[in-house]
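Enquirer: Sequence first, then the predicted structure, then my questions.
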Amino acid sequence: MHSPEGRVAESGNINAGFESHVMNETALNMSISNIQRMRTTTIIATIALNLIFLFDLRAGTGVGSIESPTLRGYVRNMPALRLDRDFSDPSFTNLFHNRLNIRWNISSNFHLVAEGRNRLFYNTMFRDYPQFSDMLGHDGGLMDLSWVWLSDGSWIGHSMADRLYADWRADKWHIRVGRQRINWGINLVSNPNDLFNTYSFFDFDYPERPGSDALRIQYFPGDLSRIQLAVSPAKDTRNMVAAAMLGSNWEGVDVQAVAGYYRHRLAMGGGWAGSIGGAGFKGEATWFYDLEEKTGVDRGNIVASTGLDYMFANGTFGVVEFLYNGGYDRSPGEVFMITEPLRPDNIMFSKYAVTMSAQRSLSPILQSGLAVMALPDIEAAFLMPSINYSVKRDLDFELIGQIFLGGSGTIFAEAGAGFFVSLQYSF
């Protein structure tokens, strides 16, 4: 899984997507919009703080219950050897990654959360494509919480907050406002029900996954049932997302239904999580429909995935998942990083995908894993072996390989291979 510092498409593809005059115009528009985003950020933060204050007064907890903020996180250094699509032309890259998670409990019912990551990249490819730092620093949310603080030849420094929210819980209600992760997906690899926060399966260096600027209201009428309403606004209303999710349990099977507005498309779907003969059986599907007709493009498409997982007697946990990506032919535009999250209505680089993965604990401190993905319609494949060793309580050592094969004319053909060494200290 190539992290954002990883290999991007060849120069022909990048030049096609990053013509200089387009980038200049984009940079100008981003600069003009910074003031607007700063104002939006201030407004959202002020509203969130006032909501917390009012809710705290209503709860009658008093300032005496306010705790000191807590800080958690990790630091990771990850050098890598990268090869091109012919498994030649070796190059060295490095990523220093620092994650900070801050939580402030205002009372037993209310808390503030701010989380983000600071990354320092080294990659000689940046010299040839200085536009990469502009793309890395772009924040598509209402709040501009992304900052490229170093761009010098082969070095890029980048910081971004992917969580910044206020959270209130009481009885059967749960309200959260701000940048957050809204996870409605069920499967391991592909989540067409996840309208707000899709992620890239190939980005192993981002276990926290992206967040979105949203208001989410949850109500729990019973122990096994839930109702969620969420709205993620956008500067252009055509790009906003608003949806409802109803979940319950039926005969031992968790089921859910999803419906809403997704970027000027209707979205309706559902999913389940149960078991068959001791194996976990999961699936989810969503139907998307354009609100406006487009010439030469079908207005509706379905994205569906289903999978089985099983714990074997020897301690091996195996997963197999199948994907049908009905939005693959909708021409979504160029994708320049294989770790870039795709949309739920076109969630993979192919129409079909089969993924198999296995993890096994060789000892209490040593784990191994292997993931294999086949994309038959574009004749591509992906392999990811890994080994994780717990050096001590808060120190982990990991070896990870990523090998992309085939897919002539696709991003898979340009991705090549990468072999990573990771040392992480958690605090």
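Expert: Thanks, I have it.
Enquirer: Can you tell me the element residue 243 falls in?
Expert: Assessed by DSSP states H and E, residue 243 sits inside strand 241-250.
Enquirer: Strand partners (parallel or antiparallel) of that strand?
Expert: With DSSP bridges as the test, strand 241-250 is paired with strand 225-232 (antiparallel), strand 253-262 (antiparallel).
Enquirer: and those strands as TSV, adding distance to residue 369, mean pLDDT and mean neighbour count?
Expert: From N, CA and C alone the C-beta is placed, and that goes for glycine too. Supplementary listing: the strands paired with strand 241-250 in TSV, determined by distance: least, C-beta to C-beta, whole Å; pLDDT from 0 to 100; neighbours: other C-beta atoms under 10 Å:
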stretch	distance to residue 369	mean pLDDT	mean neighbour count
strand 225-232	32	97	17
strand 253-262	26	98	18
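Enquirer: For the ones you listed, give me TSV that also has distance to residue 202.
Expert: Below are those laid out as TSV (distance: least, C-beta to C-beta, whole Å):
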stretch	distance to residue 202
strand 225-232	24
strand 253-262	23
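Enquirer: quick one, which of the ones you listed is nearest to residue 371?
Expert: strand 253-262 (24.7 Å; C-beta to C-beta).
Enquirer: With only the CA atoms kept, save the helix or strand just after that closest one in PDB.
Expert: Later in the chain than strand 253-262, the nearest helix or strand by DSSP H and E is strand 265-276. Output in PDB follows, covering the C-alpha atoms of strand 265-276 (Å, rounded to 0.1, in the frame of the first residue of the first chain):
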ATOM      1  CA  ARG A 265     -26.900  11.600  -6.500                       C
ATOM      2  CA  LEU A 266     -29.500   9.600  -4.600                       C
ATOM      3  CA  ALA A 267     -28.100   6.800  -2.500                       C
ATOM      4  CA  MET A 268     -30.100   3.800  -1.100                       C
ATOM      5  CA  GLY A 269     -28.600   0.600   0.300                       C
ATOM      6  CA  GLY A 270     -28.100  -1.700   3.200                       C
ATOM      7  CA  GLY A 271     -25.900  -4.400   4.700                       C
ATOM      8  CA  TRP A 272     -25.700  -7.200   7.200                       C
ATOM      9  CA  ALA A 273     -23.300  -9.000   9.500                       C
ATOM     10  CA  GLY A 274     -24.100 -12.500  10.600                       C
ATOM     11  CA  SER A 275     -22.600 -16.000  10.600                       C
ATOM     12  CA  ILE A 276     -22.900 -19.300   8.700                       C
END
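Enquirer: In strand 265-276, which residues are buried?
Expert: Going by neighbour count (16 or more other C-beta atoms under 10 Å), the buried part of strand 265-276 is 265, 267, 269, 270, 271, 272, 273, 274.
Enquirer: so which of those residues comes closest to residue 196?
Expert: For those, the nearest to residue 196 is residue 267 (11.0 Å; C-beta to C-beta).
Enquirer: Rebuild the buried residues of strand 265-276 as TSV, extending it with distance to residue 384 and pLDDT.
Expert: Formatted as TSV, the buried residues of strand 265-276 follow (distance: C-beta to C-beta, whole Å; pLDDT from 0 to 100):
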residue	distance to residue 384	pLDDT
265	32	97
267	30	98
269	28	98
270	30	98
271	25	98
272	27	98
273	24	98
274	28	97
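Enquirer: In TSV: those residues, plus distance to residue 166.
Expert: Formatted as TSV, the buried residues of strand 265-276 follow (distance: C-beta to C-beta, whole Å):
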residue	distance to residue 166
265	30
267	27
269	29
270	30
271	29
272	32
273	30
274	35
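Enquirer: Return the distance of the strand holding residue 243 from the chain's centre.
Expert: Computed by C-alpha atoms, centre = their mean, to the nearest Å, the chain-centroid distance of strand 241-250 equals 20 Å.
Enquirer: can you check stretch 144-154 too?
Expert: 20 Å.
Enquirer: Equivalent analysis for stretch 283-295, please.
Expert: Taking C-alpha atoms, centre = their mean, one finds the center of stretch 283-295 at 22 Å from the center of the full chain.
Enquirer: Give me the contacts around that stretch.
Expert: Contact with stretch 283-295 is made by 185-187, 191-193, 195, 258, 262, 264-272, 297, 299-307, 327, 344-345, as judged by C-beta atoms under 8 Å, 6 or more residues apart in numbering.
Enquirer: So which bits of it are buried?
Expert: For stretch 283-295, by 16+ other C-beta under 10 Å, it's 283, 284, 285, 286, 287, 288, 290.
Enquirer: Kindly state the beta-bridge partners for the last one.
Expert: The residues listed as beta-bridge partners of residue 290 by DSSP bridges are residue 265.
Enquirer: pLDDT at it, what is it?
Expert: You'll see residue 290 listed with a pLDDT of 96.
Enquirer: Check the fourth one too.
Expert: Confidence at residue 286, expressed as pLDDT, is 98.
Enquirer: and residue 101, what is it in contact with?
Expert: 71, 72, 73, 113, 115, 163.
Enquirer: Out of those residues, who's the most crowded?
Expert: Scoring the contacts of residue 101 on neighbours with other C-beta atoms under 10 Å, the highest-scoring entry is residue 115 at 21 neighbours.
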